[in-house]
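**Student:** make a model of this:
(4 chains)
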There are 2 protein chains.
Amino acid sequence: MSSRAHPGGKVTIAEVAQRAGVSKGSVSLAMNDKPGVSAATREKILKVAKELGWLPNQAARSLSSATTQVNNIGLVIARPARMLGLEPFYMEFISGIESVLAERSHSLLLRLVRDVDEEVEVHDGWGRSKQISGSIVVDFTVDDPRIPALRASRLPVVAVGHPDLTGGLPSVWTDDGAAITEAVHYLAALGHRRLARVGGPPSLGHSAIRTEAFVRAVAGLNLEPARIVPTDFSGEQGARATRALLASAQRPTAILYDNDIMAVAGLSVATEMGVSVPTELSLLAWDDSQLCRLTHPPLSAMSHDVFVFGAEVARLLMSIIDHGEADAGHAAPTPVLVPRGTTARLR
Amino acid sequence: MSSRAHPGGKVTIAEVAQRAGVSKGSVSLAMNDKPGVSAATREKILKVAKELGWLPNQAARSLSSATTQVNNIGLVIARPARMLGLEPFYMEFISGIESVLAERSHSLLLRLVRDVDEEVEVHDGWGRSKQISGSIVVDFTVDDPRIPALRASRLPVVAVGHPDLTGGLPSVWTDDGAAITEAVHYLAALGHRRLARVGGPPSLGHSAIRTEAFVRAVAGLNLEPARIVPTDFSGEQGARATRALLASAQRPTAILYDNDIMAVAGLSVATEMGVSVPTELSLLAWDDSQLCRLTHPPLSAMSHDVFVFGAEVARLLMSIIDHGEADAGHAAPTPVLVPRGTTARLR
DNA sequence: CATGCTTGCTTATCCGGTAAAGCGGTTGTT
DNA sequence: AACAACCGCTTTACCGGATAAGCAAGCATG
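**Tutor:** From the prediction side, this is the model:
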């Protein structure tokens, strides 16, 4: 460690210049690979800089050049902290993002907020203080109020959601409508005619899209009108919704859930109420995490690789940061039906 | 939005000063609640600043005062991205941290790295560029090389790990030794005399501590010498370790796992090999996430609330940032044995 | 009434970089 | 021969704040 001249880490450009026998300006040019210094001088400067362990002060640099270079990507999530830990989706999504960021030496700046207003505020703050070089935005609603704010901020952004919702921001999405349709057709083929859906909050865009596709598919196949129960995605509400559905007079023979947490909870409820799965009742989860393989019987699910999805989102953001907004985004692979033990032909 | 005089967001202190009819210096004093300006002037300055929507340039401020005020907490994890998504521990830990950060308007700067060297590098970078005001450090090894680096950085830090490992850094830990001892005694009381342990990497301090406590407890009770299989915490290696143990001549009648992922995998292996749990074999998990309640039979586990643990860590860090390093840290509640369906008296 | 102490504000620096202008000396242009 | 254009480097002027020093006016003190 003989290279550390100043263990305190207080080396400035002036000191490097002095030791190298040149001026501050030359050091600056040399360090930034700009023309204006001879190869010999450049080499000498770099050598001295390395010896002193000098690294340019980021604050000073961004102050003078107005070109801050941070390697952080922002992600604001407006959900309660508890849920983040419980829902496998977010963790896999985040690790997918991190897998791309890590190889590019970027970090993820993660913030949980209460509501959309706070989210916009946080985002603005990050933008102004140059703490992030881009951002990932999730959970779009219809006519999402964040869209104009994001556009005004001029920060590179990737929206996670269907183009109908993301107002022209570069987006990555899955074709939930197609997946739902596939699921409904599959259940109908198994003889089910009374379906139900345990969905997310109607305000959330992707939940609304799924509901619409669900209703359309049910109608298209002339099945009985389907009940749709909104939830907040939590296991508790998934359980409650299932309980309500199973207790009703005309109880459904198949239930589609909007995530795997609720499906797991729903399966427990069915067991607890003595409704046998899959002979009397079929259950189909969404977001196929390892949870689905652990239940008994294992949950059939609309499966997609959330890790890869997150990576895809991060990759698009990186490309936008590097080359500008060339790409308008693209759809990720449509979730695929993976039948396991909770779906079967109706007797 | 009439308050936005400059939509471009390019308001400087000079402009505020000019409009308020005072000097830059006065504006600075007024904005930082420092004495030296009359109440009337201060009020006028604040009013003008608000009208113009001025917010001090963070770079300039930190350049001149060397006292950057960012609301970010750092967390570097040296594990592969895939694992982050699969292990419930980290997600719950992170959400626990976020729960405290959110209420104080702080964000988490999260980075995945390959190895310890890179971790130190990232940490140094964050420190120098003033991107974080404190940091949480995990996965300590014996004689961890990060300790001197962290100490030199002078950044507020909370170490997650036993004080024996964290070299005097303020720490939060769980008494894993006591928990392991309890587990061994419990299994011995059920009649088990041949135990095995599927542990983490021996280099990891907490894994070593558990192994030591395990060996000591086994010896103390005069049980048969126990086999210890190291892993990388992944489900795959948990499965392989279990397979090896069950295939051996003198197969154990009880296995302790170092996390829940491996225990789940181990349970599958037992089923696949026709070893009935819990009649022939008892399994005990660590880090009791919801996974443990979903398996069949449900997994007995050494349970602790990881969410609360993460929150505790974050709270200590906040207090150190606010009031300095008064607290040397403390132990979190010791994990509690929760018997479910995978532990039973040996026949 | 001269002196010293506050009070309230301005001015001058400084933080550590970047970027443009300046400056001798050599070389190319017409 | 006169002039422009480079070269390689130094000077100088900022960037946008914080802060110490300076300074005039008001006020109490002896």
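
**Student:** quick check: pLDDT value at whichever residue of the stretch 101-250 of chain A sits closest to DNA strand D.
**Tutor:** Residue nearest to DNA strand D within the stretch 101-250 of chain A: A:Arg128 (10.2 Å; CB to the nearest atom of the strand). Any C-beta I mention is one placed from the backbone N, CA and C, and that applies to glycine too. Among the per-residue scores, A:Arg128 holds a pLDDT of 77.

**Student:** contacts for stretch A:176-193?
**Tutor:** A:162, A:195, A:206, A:209-210, A:212-214, A:216-218, A:221, A:223-224, A:253-254, A:256, A:282, A:284, A:302, A:334-337, A:339, A:343-346 (CB atoms under 8 Å, 6 or more residues apart in numbering or on different chains).

**Student:** pull out the buried positions in it.
**Tutor:** Of all the residues in stretch A:176-193, those buried under the rule 16 or more other CB atoms under 10 Å in any protein chain shown are A:176-177, A:179-184, A:186-188, A:190, A:192-193.

**Student:** among those, name the ones in helices.
**Tutor:** Counting by DSSP state H, the part of those found in helices is A:Asp176, A:Gly177, A:Ala179, A:Ile180, A:Thr181, A:Glu182, A:Ala183, A:Val184, A:Tyr186, A:Leu187, A:Ala188.

**Student:** about what we covered before: do I have it right that the residue of the stretch 101-250 of chain A closest to DNA strand D meets B:Leu55?
**Tutor:** Yes - in this structure, A:Arg128 sits in contact with B:Leu55. The criterion is CB atoms under 8 Å, and the distance is 6.2 Å.

**Student:** count the residues that sit near the residue of the stretch 101-250 of chain A closest to DNA strand D.
**Tutor:** By the other CB atoms under 10 Å in any protein chain shown criterion, the neighbourhood of A:Arg128 contains 14 residues.

**Student:** one step back: which pair in the ones in helices among the buried residues of stretch A:176-193 spans the largest distance?
**Tutor:** Comparing every pair within those by CB to CB identifies A:Asp176 and A:Ala188 as the most remote, at 18.3 Å.

**Student:** so where's the stretch 1-150 of chain A uncertain?
**Tutor:** Segments of the stretch 1-150 of chain A classed as low confidence (criterion: pLDDT under 70) are A:1-9.

**Student:** all helices for it, in order.
**Tutor:** Assignment of helices within the stretch 1-150 of chain A using DSSP state H, counting those that start in this stretch yields the ranges A:13-20, A:24-31, A:39-52, A:58-65, A:81-86, A:88-103, A:116-128, A:146-153.

**Student:** surely A:Leu283 is within a helix?
**Tutor:** No - read with DSSP: H, G, I helix; E, B strand; the rest coil, A:Leu283 is strand and lies in no helix.

**Student:** how many neighbours does it have?
**Tutor:** Neighbouring residues of A:Leu283 were enumerated by other CB under 10 Å; the total is 28.

**Student:** how about it: what's its closest non-neighbour residue?
**Tutor:** Spatial nearest neighbour of A:Leu283, excluding adjacent residues (CB to CB, 6 or more residues apart in numbering or on different chains): A:Thr342 at 4.2 Å.
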